[in-house]
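>>> generate a structure from the sequence data that follows.
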Amino acid sequence: MQIGTEIKRDASFKKNEEAMLKLLLSLREKENAVKLGGGKSAIEKLHAKGKLHARERIQKLIDKGSSFLEIGLFTAEGMYLDVGGAPSAGTVFGIGKIHNRDVVIVANDATVKAGAWFPITCKKNLRAQEIAMENRLPIVYLVDSAGVFLPMQSEIFPDKEHFGRIFRNNAVMSAMGITQIAAIMGPCVAGGAYLPIMSDEVLIVEKTGSVFLAGPALVKAAIGENPDIEELGGAEMHCEISGVTDHKMKNDDECLEKIRSIISKLGKNKSAEFERSESSLPKYDAKEVYGIIPEDHAKPYDMYQIISRIVDNSEIDEYKSDYGKSLITAYARVDGWSVGIVANQRAVVKSKKGEMQVGGVIYNDSADKGARFIMNCNQKKIPLVFLQDVTGFMVGTRSEQAGIIKDGAKMVNAVANSIVPKLTFIVGNSFGAGNYAMCGKAYDPRLIFAFPNSQIAVMGAKQSSETLLHIRVAQMKAKGKEVPEEEQKRMLKEISERYEKEMEPIFSAARLVVDGIIDPAETRNIISRGIAMANCNAEMAKFSTGVIQV
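Residues are numbered from 1 along each chain as shown. Predicted coordinates:
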């Protein structure tokens with residue numbers, strides 16, 4: 001079935017396009033600033049010590065001409081400002097090609113608080129390990145860190161999802177047969193020393209790399225010794241005396257080349273064998289998406305137009321096309337890969353019963369359709385792609401009496417128990433339980449990205465702000481305080497501004513609720529990259545039962 005049409009570049013299209021391009025320009029400026037880490041002068045200081053910056057190391061490690069799919073670029077954006085901030089949480093991570101093989105790469109950025117670990121840094125490293133485990137990908141750690149950021153030690157040290165979980169994952173991955181390679185390219189101190197040493201193969205760079213449980217100052221204070229760094233934990237000592245490390249490297253360049261050599265000799269995992277045929281481009285320009293998505297989130301648009309600019313030849317095989325029209329379910333191909341698409345239809349549609357259905361809302365029939373389609377894709381071993389622009393499930397007496405909670409629960413159940421890879425893109429709104437049903441972060445998407453215009457929250461700003469204002473005013477009145485109308489307006493403005501800021505994608509990206517914010521025109525490439533990555537794991541999922549029950 002051919003979908004999509006040529007777009008009229010009218011005033012509305014140009015207004016939407018201009019708004020999206022403005023968002024993308026702002027995004028690029030923020031990206032460039034974040035990629036400098038601690039700044040140009042800090043990078044120059046690294047160079048003076050004979051060291052490369054984290055991003056330079058990654059570029060030399062991956063295949064020439066290949067792209068690095070970065071995860072968590074905006075992690076910690078706007079956070080920890082009282083201590084000077086932590087661009088990208090002091091860690092760069094993503095998936096890169098080494099000898100044409102997908103590898104997870106994690107690199108400490110020594111220009112950000114000497115590569116120290118903040119609480120969100122721990123969450124970011126756990127996400128890296130999760131991706132490696134889910135997809136059975138080798139993982140490379142480029143270590144250059146002063147260890148835990150001590151002023152926040154209580155928020156990173158003892159809990160299940162804290163620092164110790166990383167070392168637990170080191171052990172689990174080794175047992176799973178996932179290769180872990182660590183390169184100690186700078187300091188590696190205290191508990192952080194376990195990450196590289198629990199890896200399968202460890203390299204250390206002479207003069208700049210060091211690893212020990214306690215540094216010279218602490219050793220002197222604790223037992224009275226006065227060792228220098230090289231004697232205590234340098235490359236020569238660990239490669240020739242302790243045997244803690246496996247390879248002594250002269251400099252960063254030699255170290256990175258050695259890692260590439262090791263990766264080139266790894267055996268291959270059994271493929272998941274997802275179906276792929278010859279790729280063909282969509283019939284329409286992907287950048288036309290800029291003008292299709294309205295600047296005003298309340299305005300409807302046709303999601304088929306978005307899909308037609310992502311899928312091969314702009315063709316789909318739609319499932320239950322005349323039923324549950326507020327949700328699009330279809331089989332398609334993206335860069336040759338067979339996929340199942342679940343997308344919220346944002347246009348106002350008429351049901352078979354003649355009822356008008358508001359775009360972006362999940363109704364009883366669309367929830368039922370979505371659950372059945374997800375089960376079909378699992379039976380057929382077809383990866384799922386979710387395109388979210390959802391305001392939630394339909395509310396009101398009629399929907400409640402029809403059992404919307406029951407039908408919604410069926411769809412959420414199907415998403416939760418799905419064993420095929422899931423890739424999620426937040427195209428516009430992502431509100432309430434709609435986020436869950438459309439495979440939000442809590443439902444284990446292999447990758448989840450947001451468009452620059454997206455909004456993520458429990459409900460829309462207007463409804464939420466007015467609800468919060470009502471609660472606050474009621475509390476004040478209960479204490480005998482009258483609240484004049486002007487004061488209520490001021491309070492509403494304050495609440496709305498805060499809520500709207502928290503809805504922005506950068507807020508979610510900073511907290512790793514999404515893996516990143518992307519140019520909408522890159523959606524097709526990321527889907528292909530995500531499925532290729534998932535195809536490395538024949539077992540498909542960590543907790544695969546092989547059965548879905550709804």
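>>> now do the lowest-mean-pLDDT helix or strand in the chain: everything it contacts.
Here the helix or strand of the chain ranked lowest by mean pLDDT, DSSP states H and E is strand 356-357, holding a mean of 76. Residues outside strand 356-357 that contact it (C-beta atoms under 8 Å, 6 or more residues apart in numbering): Lys325, Ser326, Val348, Val349, Lys350, Ser351, Tyr363, Ser366. In this view, the C-beta of every residue, glycine as well, is placed from N, C-alpha and C.
>>> likewise for stretch 471-481?
Val483, Gln488, Met491, Ile495.
>>> just those now: which is nearest Lys8?
Ranked by distance to Lys8 (C-beta to C-beta), the contacts of stretch 471-481 are led by Ile495 at 39.2 Å.
>>> so that closest one: helix, strand or coil?
The three-state label given to Ile495 by DSSP: H, G, I helix; E, B strand; the rest coil is helix.
>>> can you get me a residue count around it?
By other C-beta atoms under 10 Å, the residues close to Ile495 number 18.
>>> isn't it up against Gln463?
No: between Ile495 and Gln463 there is no contact under C-beta atoms under 8 Å: 11.8 Å.
>>> that older thread, list buried residues within the contacts of stretch 471-481.
Among the contacts of stretch 471-481, those classed as buried by 16 or more other C-beta atoms under 10 Å are Met491, Ile495.
>>> tell me how far Gln129 lies from Asn135.
11 Å (C-beta to C-beta, to the nearest Å).
>>> so, low pLDDT: which residues of the stretch 251-400 of the chain?
Counting by pLDDT under 70, the stretch 251-400 of the chain contains low-confidence residues at 352, 354.
>>> residue ranges for the helices of it, please.
Under the criterion DSSP state H, counting those that start in this stretch, the stretch 251-400 of the chain contains helices at 252-264, 289-292, 303-307, 364-380, 397-401.
>>> dump these into JSON lines; add mean neighbour count as well.
Formatted as JSON lines, the helices of the stretch 251-400 of the chain follow (neighbours: other C-beta atoms under 10 Å):
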{"stretch": "helix 252-264", "mean neighbour count": "18"}
{"stretch": "helix 289-292", "mean neighbour count": "23"}
{"stretch": "helix 303-307", "mean neighbour count": "23"}
{"stretch": "helix 364-380", "mean neighbour count": "22"}
{"stretch": "helix 397-401", "mean neighbour count": "11"}
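>>> of all those helices, which one is nearest Lys35?
Of all those, helix 252-264 comes closest under C-beta to C-beta, at 18.4 Å.
>>> and for Ala182, the neighbour number?
Residues near Ala182, counting by other C-beta under 10 Å: 27.
>>> assign the closest residue to it other than its chain neighbours to helix, strand or coil.
Nearest residue to Ala182 in three dimensions, chain neighbours excluded: Pro196, at 3.3 Å (C-beta to C-beta, 6 or more residues apart in numbering). Three-state secondary structure (criterion: three-state DSSP) places Pro196 in helix.
>>> got the contact list for Pro196?
Pro196 makes contact with Tyr141, Val143, Ala182, Ala183, Ile184, Cys188, Val202, Val211, according to C-beta under 8 Å, 6+ apart.
>>> residues near the residue nearest to Asn226 when sequence neighbours are not counted, how many?
Leaving aside its chain neighbours, Asn226 sits nearest to Lys220 (5.3 Å; criterion: C-beta to C-beta, 6+ apart). Residues lying near Lys220 (other C-beta under 10 Å) number 13.
>>> quick check: Lys220 is in a strand.
No: counting by three-state DSSP, one finds Lys220 to be helix, located in no strand.
>>> got any ranges where the stretch 451-550 of the chain has weak pLDDT?
The stretch 451-550 of the chain contains residues with pLDDT under 70 at 461, 464, 540-550.
>>> would you map the helices across it?
Listed in chain order, the helices of the stretch 451-550 of the chain (DSSP H, counting those that start in this stretch) span 461-478, 485-503, 505-510, 523-534.
>>> helices or strands next to the shortest one in the packing?
The contact analysis (3 or more C-beta pairs under 8 Å, 6 or more residues apart in numbering; DSSP states H and E) places helix 505-510 against strand 447-450, strand 455-457, strand 516-517.
>>> for the stretch 101-250 of the chain, which spans come out with low pLDDT?
In the stretch 101-250 of the chain (pLDDT under 70), the answer is 191.
>>> all helices of it, in order?
Using DSSP H, counting those that start in this stretch, helices in the stretch 101-250 of the chain cover 119-135, 163-176, 194-197, 216-223, 229-233, 235-237.
>>> what packs against the fourth one?
The reference is to helix 216-223. helix 229-233.
>>> just the shortest one next, same as before
Contacting helix 235-237 under the criterion 3+ C-beta pairs under 8 Å, 6+ apart are the following elements: helix 229-233, strand 247-249.
>>> likewise for the longest one?
Helix 119-135 sits against strand 69-71, strand 91-98, strand 101-108, strand 139-145, helix 163-176, helix 523-534, with contacts defined as 3+ C-beta pairs under 8 Å, 6+ apart.
>>> partner strands of the shortest one, with direction?
Sheet partners assigned to strand 69-71 using DSSP bridges are listed as strand 91-98 (antiparallel).
>>> need the contact partners of the strand it pairs with.
54-55, 58, 61-63, 66, 68-72, 75, 102-109, 115, 121, 124-125, 127-128, 131, 137, 140, 259-260, 263-264, 529, 533.
>>> can you go through those residues and name the buried ones?
54-55, 58, 61-62, 68-72, 75, 102-109, 115, 121, 124-125, 127-128, 131, 137, 140, 259-260, 263, 529, 533.
>>> next up, the contacts around Ile120.
Contacts of Ile120 by C-beta under 8 Å, 6+ apart are Thr75, Ala76, Met79, Ala86, Ala89, Ala510, Arg511, Leu512.
>>> and the fifth one, which of the three is it?
Under three-state DSSP, the three-state class of Ala89 is helix.
>>> for it, grab the count of nearby residues.
28.
>>> separation between it and Glu502?
19 Å.
>>> and Cys439, that's in a strand?
No: counting by three-state DSSP, Cys439 is located in no strand; its state is coil.
>>> returning to what we had before: quick one: closest of the helices of the stretch 451-550 of the chain to Phe373.
helix 523-534 (17.4 Å).
>>> what angle separates the closest one from helix 119-135?
Here helix 523-534 points in a direction 70 degrees away from that of helix 119-135 (axes from the mean of the first three to the mean of the last three C-alpha atoms, to 10 degrees).
>>> hmm, who's touching helix 523-534?
Everything outside helix 523-534 that qualifies as a contact, by C-beta under 8 Å, 6+ apart, is 69, 95, 102, 131, 134-135, 137, 272, 274, 282, 286, 289, 310-311, 334-337, 339, 383, 385, 421, 423, 425, 446-447, 449, 518, 540.
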